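> Would you be able to build a 3D model of this:
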Amino acid sequence: QVRLVESGGGSVQAGDSLRLSCEAFGRTSEPYGMGWFRQSPGKEREFVAAVTWAWAVTAYGDSVKGRFTISRDNAKNMAYLQMNTLKPEDTAVYYCAARREVSARVQTAANWYEYWGQGTQVTVSS
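The predicted structure is shown next:
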């Protein structure tokens, strides 16, 4: 079992930056693929970014490419999402997700992930 705890959300102005953190607790000695998703009211959960444990292969949703950067520190059991040039449409609850990794293939589908954090709110005003 793995428990994920997100932090770093908040309210910012358009153009500002935020850094989200996700800390994993529990069976963290195993390799876990990690991802970030977001959901705003009335919308489906949207893929934001993902990173593999092996080789740190990354993938990004089209709406955040060039603005967001995902990274991880396996020694600290942490994953991060650096969000730059934030836009009002980035407003959502951001969730960290993880699943034990069996290959270095980055996963973008929400239904692949097994463990989820409680979410952290990001609000961007114009």
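> Please identify which helix or strand holds the residue nearest the centre of the chain.
Nearest residue to the geometric centre of the chain (CA atoms, centre = their mean): residue 36, 2.1 Å. Taking DSSP states H and E as the definition, residue 36 sits inside strand 32-39.
> in that strand, what's buried?
Within strand 32-39, the residues scored as buried using 16 or more other CB atoms under 10 Å are 32-38. C-beta coordinates here come from the backbone N, C-alpha and C atoms, glycine included.
> need those in JSON lines with distance to residue 84, can you?
Formatted as JSON lines, those follow (distance: CB to CB, whole Å):
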{"residue": "32", "distance to residue 84": "26"}
{"residue": "33", "distance to residue 84": "24"}
{"residue": "34", "distance to residue 84": "20"}
{"residue": "35", "distance to residue 84": "19"}
{"residue": "36", "distance to residue 84": "14"}
{"residue": "37", "distance to residue 84": "19"}
{"residue": "38", "distance to residue 84": "16"}
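> which one of those residues sits closest to residue 8?
Distances from residue 8 to the buried residues of strand 32-39, taken as CB to CB, are shortest for residue 36 (11.2 Å).
> tally of neighbours for the spatially closest residue to the closest one that is not a sequence neighbour?
In space, and not counting its chain neighbours, residue 36 is closest to residue 48: 4.3 Å by CB to CB, 6 or more residues apart in numbering. Number of residues near residue 48 (other CB atoms under 10 Å) recorded here: 24.
> how far away is residue 48 from residue 57?
Between residue 48 and residue 57 the distance is 16 Å, computed by CB to CB, to the nearest Å.
> now swap in residue 122 and tell me
25 Å.
> all strands of this structure, in order?
Along the chain, the segments classed as strands by DSSP state E run 2-7, 10-13, 18-26, 32-39, 46-51, 58-60, 68-73, 78-83, 92-100, 115-116, 120-125.
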